[in-house]
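Participant: quick one: sequence and predicted model below, then my questions.
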Amino acid sequence: MDIRIGCCGFARGMKNYFKKFKIVETQQTFYQPPKLVAALRWRLDAPDDFEFTVKAWQLITHTPKSPTYRRAKIAIEKDKKDRYGSFRPTKEVFDAWQEILRISDALKARLIIFQCPASFKPIKENIENIKVFFSSIDRPGLEIAWEPRGDWPKDMISDLCRNFKLIHCVDTFKDTPQTKKTAYFRLHGSPPGKKMYNYRYSKKDLEALKKKCSGFDEVYCMFNNVFMWDNALEFMEMMED
């Protein structure tokens, strides 16, 4: 089993991060992608064997109602707000995809993650948007992971992932992936009954995570909680032992 352990974002700074980890999930690409020259610098500064996974730009997945637009200081003209997010088949959404492709190429990334908000529900329009988007985009040599956070039926997730060659991305303490071979776990610090993000995984939790990794050829374990740095290092040590 090939297991890759890291954080969602450069916890404790990029230079320190490169000394400890061999993979990161970029977060800036979701809020507002960096300039191409900055992405090229990241790749140049990283060790040769370092892997970047790229979180897709929110303009593709989230509508302008999302507070994440305000965090990124993205202002959308009032008459164009219905042209962004929810995988809508618009020029604006496909342009955002092309920008993510450019950044991914600069980082030599092999995997892109689409994280949807809980408000993105399995209604007819959203399902059709997903089908059109993933059947239309150019994805040269890239793996695609999809994290639906709404109440999506498991058989629907399985069918969409199979038909469009997607990896079902989950927080494995809350859900079970509906795809095989490759697993992409985004660990939000939310075991059952615990508060999201502000939680430190215990040794018992990490032992459970180790078991959840079995049965896959390749596993990405990306910590996204407040204590991501410590938990990721602890899990790396556990897997080495």
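Facilitator: Arrived safely.
Participant: for the top helix by length along the chain, packing partners?
Facilitator: In the chain, with assignment by DSSP state H, the single longest helix is helix 91-107. Judged by 3 or more Cβ pairs under 8 Å, 6 or more residues apart in numbering; DSSP states H and E, helix 91-107 is in contact with helix 36-45, strand 51-55, helix 58-61, helix 124-136. C-betas here are computed from N, CA, C, even on glycine.
Participant: so which of those is the most surrounded?
Facilitator: Ranked by mean neighbour count, the helices and strands packed on helix 91-107 are led by helix 58-61 with a mean of 25 (mean count of other Cβ atoms under 10 Å).
Participant: on that earlier part again, and the longest helix of the chain, what's buried?
Facilitator: Within helix 91-107, the residues scored as buried using 16 or more other Cβ atoms under 10 Å are Val93, Ala96, Trp97, Glu99, Ile100, Leu101, Ile103, Ser104, Asp105, Ala106, Leu107.
Participant: name the nearest of those residues relative to Trp152.
Facilitator: The nearest member of these to Trp152, counting by Cβ to Cβ, is Val93 at 20.1 Å.
Participant: what packs against the worst-scoring helix or strand of the chain on mean pLDDT?
Facilitator: Each helix and strand of the chain was given a mean pLDDT (mean pLDDT, DSSP states H and E); the minimum falls on helix 67-71 at a mean of 93. If you count contacts as 3+ Cβ pairs under 8 Å, 6+ apart, helix 67-71 packs onto helix 28-31.
Participant: what does the helix it packs on rub up against?
Facilitator: Outside helix 28-31, the residues that touch it by Cβ atoms under 8 Å, 6 or more residues apart in numbering are Pro34, Val54, Lys55, Ala56, Trp57, Gln58, Thr68, Arg71, Ala72, Ile100, Ile103, Gln115.
Participant: thinking again about what came up before, so how far is the longest helix of the chain off the chain centroid?
Facilitator: 15 Å (Cα atoms, centre = their mean, to the nearest Å).
Participant: using CSV, list the CA coordinates for it.
Facilitator: Extracted C-alpha coordinates of helix 91-107, given in CSV (Å, rounded to 0.1, in the frame of the first residue of the first chain):
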residue,chain,number,x,y,z
LYS,A,91,-17.7,30.4,-19.6
GLU,A,92,-16.8,31.7,-16.2
VAL,A,93,-16.7,28.2,-14.6
PHE,A,94,-14.7,26.7,-17.5
ASP,A,95,-12.3,29.7,-17.4
ALA,A,96,-11.7,29.0,-13.7
TRP,A,97,-11.0,25.3,-14.6
GLN,A,98,-8.4,26.5,-17.2
GLU,A,99,-6.7,28.6,-14.5
ILE,A,100,-6.5,25.6,-12.2
LEU,A,101,-5.1,23.5,-15.0
ARG,A,102,-2.3,26.1,-15.5
ILE,A,103,-1.4,26.1,-11.8
SER,A,104,-1.5,22.3,-11.6
ASP,A,105,0.8,22.0,-14.5
ALA,A,106,3.2,24.5,-12.9
LEU,A,107,3.2,22.4,-9.7
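Participant: could you check the angle it makes with strand 51-55?
Facilitator: Using axes from the mean of the first three to the mean of the last three Cα atoms, to 10 degrees, the inter-axis angle of helix 91-107 relative to strand 51-55 is 170 degrees.
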